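**Student:** Fold the following and give me the result.
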Amino acid sequence: MSESFEKLQNRILSDARVKAGDAIREAEEKATQIVETARSQAEKEAGSILAKARVEADSLRRSILSSKIRSSRLRLLVEKNRIVQSVLSSVEDKLATISGTEKFQDTLKKMVSEAVDAVESDQMVVRIGFSEVSKKSLDSVDTILPKGAKLVIEEKPIDKLGGVIASDPQGRIVYNNSFRARMDRLDSQLLFLISSTIFGE
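**Tutor:** From the prediction side, this is the model:
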């Protein structure tokens with residue numbers, strides 16, 4: 001009886017060991033599977049984070065490069081504008097002293113003729129004002145003025161650079177043909193011409 005109880009006890013212990021071993025193996029397999037799943041998930045998340053970081057870094061790099069390009073273009077534009085304005089200033093200086101050049105009479109006649117044609121009045125008033133110009137140097141204008149027109153010689157240059165202004169007697173129709181007015185009318189064309197001549201654009 002004692003022997004058979006011992007055998008039973010040994011069998012129970014043996015079965016328990018087998019079951020315990022199976023349970024341990026199953027637990028180890030589950031633990032290994034959980035670790036592998038967690039590792040795989042971590043690798044995916046790390047890859048996603050890294051890819052996102054690369055995209056953000058690339059976007060930031062492009063943004064910095066674009067900002068530098070814009071800044072360089074702006075500096076170039078400012079410098080070009082400075083050069084164009086310098087050329088315009090030089091042109092204005094030459095125009096202000098045109099009355100002392102050989103081309104003055106031809107230029108004056110053309111400006112008066114344009115102003116007279118624009119107003120078209122029998123009794124118009126033509127004002128002429130240039131730096132350092134005498135009444136005698138304006139005698140040639142009389143030949144192109146219509147009969148009844150009144151010639152007024154200004155003491156100072158019109159619009160600082162000089163020019164011609166024609167109007168009807170009431171001043172309702174006025175045509176400003178000063179150098180400044182001409183430059184203002186041709187502003188965009190003039191700037192384009194200077195820029196394309198200097199920079200070849």
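**Student:** which SSE is Ser71 in?
**Tutor:** Here Ser71 is covered by helix 2-96, with elements defined by DSSP states H and E.
**Student:** Please spell out which residues along the helix or strand that that helix is followed by are buried.
**Tutor:** The element immediately downstream of helix 2-96 (helix or strand, assigned by DSSP H and E) is helix 104-119. Within helix 104-119, the residues that qualify as buried are Phe104, Thr107, Leu108, Met111, Val112, Ser113, Ala115, Val116, Val119, counting by 16 or more other Cβ atoms under 10 Å. Using the backbone N, CA and C atoms, a C-beta is placed for each residue, glycine as well.
**Student:** Domain ranges for the protein, per the record?
**Tutor:** Using automatic domain parsing, the domain parsing of the chain gives 1-96, 101-199.
**Student:** Mean pLDDT added to these, as JSON lines?
**Tutor:** Conversion of these to JSON lines gives the following (pLDDT from 0 to 100):
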{"stretch": "domain 1-96", "mean pLDDT": "77"}
{"stretch": "domain 101-199", "mean pLDDT": "84"}
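**Student:** Most tightly packed of these?
**Tutor:** Burial among the domains of the chain, expressed as mean neighbours by mean count of other Cβ atoms under 10 Å, is greatest for domain 101-199, which shows a mean of 16.
**Student:** Off-centre distance for that domain?
**Tutor:** A distance of 36 Å separates the centroid of the chain from that of domain 101-199, by Cα atoms, centre = their mean, to the nearest Å.
**Student:** In which helix or strand does Tyr175 reside?
**Tutor:** Counting by DSSP H and E, the secondary-structure element that holds Tyr175 is strand 174-178.
**Student:** Name the surrounding residues that touch that strand.
**Tutor:** Outside strand 174-178, the residues within contact range by Cβ atoms under 8 Å, 6 or more residues apart in numbering are 111-112, 114-115, 118-119, 129, 158-159, 161-167.
**Student:** what's the farthest-apart pair in those residues?
**Tutor:** Between all members of the contacts of strand 174-178, the longest pairwise span (Cβ to Cβ) is found for Val119 and Leu161 and amounts to 20.9 Å.
**Student:** quick revisit: and of the buried residues of helix 104-119, the nearest to Arg180?
**Tutor:** Of all the buried residues of helix 104-119, Met111 has the smallest distance to Arg180: 12.2 Å, by Cβ to Cβ.
**Student:** who are the neighbours in contact with that closest one?
**Tutor:** The contact partners of Met111, taken as Cβ under 8 Å, 6+ apart, are Gly163, Val164, Asn177.
**Student:** JSON lines for the buried residues of helix 104-119, including distance to Leu76?
**Tutor:** As requested, the buried residues of helix 104-119 are exported to JSON lines (distance: Cβ to Cβ, whole Å):
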{"residue": "Phe104", "distance to Leu76": "38"}
{"residue": "Thr107", "distance to Leu76": "36"}
{"residue": "Leu108", "distance to Leu76": "40"}
{"residue": "Met111", "distance to Leu76": "37"}
{"residue": "Val112", "distance to Leu76": "42"}
{"residue": "Ser113", "distance to Leu76": "42"}
{"residue": "Ala115", "distance to Leu76": "40"}
{"residue": "Val116", "distance to Leu76": "45"}
{"residue": "Val119", "distance to Leu76": "44"}
